[in-house]
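In: Pasting the sequence and the predicted coordinates here, then a few questions.
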Amino acid sequence: MCGIVGYIGYREAYPIIIKGLQRLEYRGYDSAGIALYDGKNINLSKTKGKVVDLQKRAEQEISLKGYIGIGHTRWATHGVPNDVNSHPHYSNSEDLVVIHNGIIENYAPLKKELQSKGYVFTSDTDTEVLINLIEYVQKNENLKLGKAVQLALTQVVGAYAIAVFDKKKPNEVIAARMGSPLAIGVGEDKKEFFIASDASPFIEYTKNAIYLEDGEIAVIRVGKDIKLRKIADDTLLDPFIQALELNLEQIEKGGYEHFMLKEIHEQPNAIIDTYRGRMLVNEGIIRMAGIDNHLERFLNADRIIIVACGTSWHAALVAEYVIESLARIPVEVEYASEFRYRNPIITSKDVVIAISQSGETADTRAAIQLAKQKGAFVFGVCNVVGSTISRESDAGAYTHAGPEIGVASTKAFTTQITVLILIALKLAKAKGSISNDEYFTHLQELERIPAKVAEALTSDENIKTIAAIYKDSPNFLYLGRGFNFPVALEGALKLKEISYIHAEGYPAAEMKHGPIALIDEKMPIVVIATKKGHYEKVVSNIEEIKARSGKIIAIVTKGDVDVKALADHVIEVPDTLELLSPLLTTIPLQLLSYHIAVMRNCNVDQPRNLAKSVTVE
Ligand code: F6R
């Protein structure tokens with residue numbers, strides 16, 4: 001939520017910050033702002049709207065000169081999205097300026113106290129309180145900026161990633177983190193530094209980055225080593241400079257109209273990247289260090305609890321079916337946001353798997369912290385390398401999907417499922433809960449999945465035609481059974497979030513316990529009706545819909561004739577093992593929601609009210 005970018009060095013800061021904000025716009029996009037230091041003054045411009053709106057405004061109203069600057073793209077928490085509430089925020093003297101991602105929870109009493117000392121506030125934000133608190137501490141205690149920020153932060157409760165600049169001390173920028181991600185790009189010979197919510201804004205300038213940990217503050221000065229300290233006790237730390245693997249191509253659209261479409265089409269390769277080096281089909285080996293090194297913990301676990309949010313929670317549901325069916329270990333799936341507050345029973349014999357694309361989701365982080373406190377073993381399945389959850393877990397496995405920039409998750413989902421299938425197969429082999437034949441059959445078929453995903457993607461034109469027919473429907477129902485029940489939930493979520501059409505996902509057989517009342521001749525019902533598993537039962541459910549004149553869009557196995565005879569529309573996917581079928585049935589649902597959203601003129605990559613990385617509760 002919110003993206004922050006800062007630069008200090010020898011290049012013009014403006015183009016670096018604007019481009020950086022565009023790359024971080026997936027994090028929040030209701031308003032944007034920039035502050036540049038021209039050697040004498042801070043020039044600040046901000047506006048409600050997107051980064052392009054900021055660009056237009058800044059180019060008209062301020063000097064764009066300067067080698068130091070900070071910028072922000074916002075996802076509103078305190079205060080509606082408007083020009084005034086946009087960041088950066090000045091302190092009362094206008095000497096200090098800040099950008100902030102997070103929430104200062106105790107901003108109200110702090111604001112009251114500052115008001116009693118004569119401070120005046122123009123915005124409704126918690127951030128303006130923070131910068132004035134820093135100014136107050138700086139003046140009152142006569143401190144250098146770094147120390148003032150540090151002391152002010154000890155009074156703050158909440159989450160933040162901040163960058164602060166003081167025009168009285170124009171050779172430095174202060175950055176600090178608690179709960180919200182923050183990376184510092186280190187330029188060649190320390191001639192320049194970049195500050196950002198992730199590494200994408202500076203990837204073409206440097207591959208060297210320092211990821212701040214929670215509770216750390218950095219004083220950044222050109223030509224000097226970064227001074228890194230613990231906020232709470234002032235301990236001096238050794239910054240760890242990490243070499244980045246990200247490249248520019250991965251974070252650009254590469255000829256596609258939207259990131260979401262690019263990411264949908266990347267899935268065959270993303271799945272290969274997920275199992276590459278891990279799955280040795282001929283040898284019958286699955287290598288995953290995170291499991292190999294802790295195999296006994298998994299095999300002796302009373303149960304596996306999977307915590308996640310949103311799409312990752314749907315991947316967790318698929319994993320529940322897969323792990324229980326292959327490895328015969330009991331699995332419970334929990335919304336991280338519920339789990340963290342309901343005083344769950346967790347013991348040291350539990351394994352908790354946290355699934356998170358971003359690795360930064362606040363609720364999932366809190367859930368794993370709770371699990372660790374109670375002695376459970378925590379295993380993270382994340383996409384973003386070096387992310388907080390991946391670092392805070394006892395062990396883990398990356399999905400290796402590459403950057404996912406479209407706000408609606410696509411390739412993260414299928415690669416999460418791939419990792420979890422590998423884990424289930426590995427545990428099943430170690431436990432002896434499946435036969436050797438079954439094990440090999442699954443490995444061989446998993447290796448064929450990327451080609452089958454590519455084949456599923458060729459239904460695009462058919463899906464577009466169906467999208468055009470139903471794009472104005474106010475409601476959709478998605479039905480699936482067994483391994484494909486979570487896919488129905490995911491299909492409904494995809495449609496809701498990018499096209500703003502109300503949609504619900506249900507286990508197909510549950511339909512008659514309520515949702516069947518919704519069905520009439522106007523209601524489109526997407527039914528996952530692939531062969532195997534509960535095919536005949538789903539066919540009966542389709543008959544029940546048909547009897548009530550509902551419009552059936554069926555996802556079927558290639559060559560199916562029975563459902564074809566009943567459904568209004570069919571979308572074929574290649575045949576596969578039932579357990580692997582979610583990797584294929586998901587694809588047409590992603591494309592259907594994509595095309596409907598495009599036809600409704602919705603902003604596919606940046607749907608309203610959403611943000612890619614939910615770092616607040
Ligand atoms: C939906 C979507 C969200 C995320 C959820 C969890 O398309 O993107 O529902 O899945 O916010 O995010 P991560 O996986 O980053 O923890």
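Out: That came through fine.

In: anything in stretch 335-342 near the ligand?
Out: No: for stretch 335-342, no contact with the ligand is found by Cβ under 6 Å from any ligand atom; the gap never falls below 8.1 Å. Every C-beta, even on glycine, is put in place using the N, C-alpha and C of the backbone.

In: Please list the residues outside that stretch that contact it.
Out: Applying Cβ atoms under 8 Å, 6 or more residues apart in numbering, the contact partners of stretch 335-342 are 305, 307-309, 313, 354, 361, 363-364, 366-367, 370, 617.

In: Close to the ligand: what parts of the protein are there?
Out: 309-312, 356-358, 361, 364, 408-409, 493, 497, 613-614.

In: contacting residues for the closest residue to the ligand within the stretch 301-450 of the chain?
Out: The ligand sits closest to residue 310 of the stretch 301-450 of the chain, with a gap of 1.9 Å, by Cβ to the nearest ligand atom. By Cβ under 8 Å, 6+ apart, the contact set of residue 310 is 409, 493.

In: One more: residue 395?
Out: Per Cβ under 8 Å, 6+ apart, neighbours of residue 395: 289, 290, 291, 293, 294, 377, 378, 379, 380.

In: quick one: which of the residues you listed sit in strands?
Out: 377, 378, 379, 380 (DSSP state E).

In: The stretch 51-200 of the chain: helices as residue ranges?
Out: For the stretch 51-200 of the chain, applying DSSP state H, counting those that start in this stretch gives helices covering 51-61, 107-116, 126-141, 145-154.

In: right, so those: which one is the most enclosed?
Out: Greatest average neighbour count among these goes to helix 126-141 (a mean of 23), per mean count of other Cβ atoms under 10 Å.

In: So which other helices or strands are in contact with it?
Out: Packing partners of helix 126-141 (3 or more Cβ pairs under 8 Å, 6 or more residues apart in numbering; DSSP states H and E): strand 89-90, strand 96-104, helix 107-116, helix 145-154, strand 158-166.

In: number of nearby residues for residue 350?
Out: Look at residue 350: counted by other Cβ atoms under 10 Å, it has 21 neighbours.

In: Distance of the closest residue to residue 215 other than its chain neighbours relative to residue 216?
Out: Spatial nearest neighbour of residue 215, excluding adjacent residues (Cβ to Cβ, 6 or more residues apart in numbering): residue 231 at 5.2 Å. Using Cβ to Cβ, to the nearest Å, residue 231 is found at 7 Å from residue 216.

In: okay, and the common contacts of the two?
Out: In contact with both residue 231 and residue 216: residue 176, using Cβ under 8 Å, 6+ apart.

In: Among the residues of the chain next to the ligand, name the ones in strands.
Out: Cross-referencing the residues of the chain next to the ligand against strands under DSSP E gives residue 356.

In: Just the buried residues of the residues of the chain next to the ligand.
Out: 309-312, 356-358, 361, 364, 408-409, 493, 497, 613-614 (16 or more other Cβ atoms under 10 Å).

In: if we can go back for a sec, quick one: which of the contacts of stretch 335-342 is most hemmed in?
Out: Result: residue 307 is most packed of the contacts of stretch 335-342 (other Cβ under 10 Å), 32 neighbours.

In: isn't that residue right up against residue 332?
Out: No: using Cβ atoms under 8 Å, residue 307 is not in contact with residue 332; the gap is 9.4 Å.

In: thinking again about what came up before, the residue nearest to residue 215 and residue 177 touch, don't they?
Out: No: counting by Cβ under 8 Å, residue 177 is not a contact partner of residue 231; they are 9.1 Å apart.

In: With neighbour numbers in mind, choose between the two.
Out: residue 177 (26 against 20).

In: What is the nearest of the buried ones among the residues of the chain next to the ligand to residue 211?
Out: Of all those, residue 211 sits closest to residue 358, with 13.5 Å by Cβ to Cβ.

In: Tell me who's in contact with that closest one.
Out: 382, 383, 384, 387, 612, 613.

In: now residue 290
Out: Each residue near residue 290 by Cβ under 8 Å, 6+ apart is listed here: 379, 395, 396, 397.

In: want to throw those residues into a markdown table with secondary structure and pLDDT?
Out: As requested, the contacts of residue 290 are exported to a markdown table (DSSP: H, G, I helix; E, B strand; the rest coil; pLDDT from 0 to 100):
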| residue | secondary structure | pLDDT |
| --- | --- | --- |
| 379 | strand | 98 |
| 395 | strand | 97 |
| 396 | strand | 97 |
| 397 | strand | 97 |
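
In: Tell me the confidence at residue 252?
Out: pLDDT recorded at residue 252 is 83.

In: okay, now it: neighbour count?
Out: 14.

In: Could you report the distance from it to the ligand?
Out: 20 Å (Cβ to the nearest ligand atom, to the nearest Å).

In: in the chain, which ranges drop under the pLDDT threshold?
Out: When residues are selected by pLDDT under 70, none of them lie in the chain.

In: Kindly state the domain boundaries assigned to it.
Out: Listed by automatic domain parsing, the domain ranges of the chain are 3-247, 253-434, 456-604.

In: quick one, what contacts the residue nearest to residue 215?
Out: 150, 153, 154, 176, 178, 215, 216, 217.
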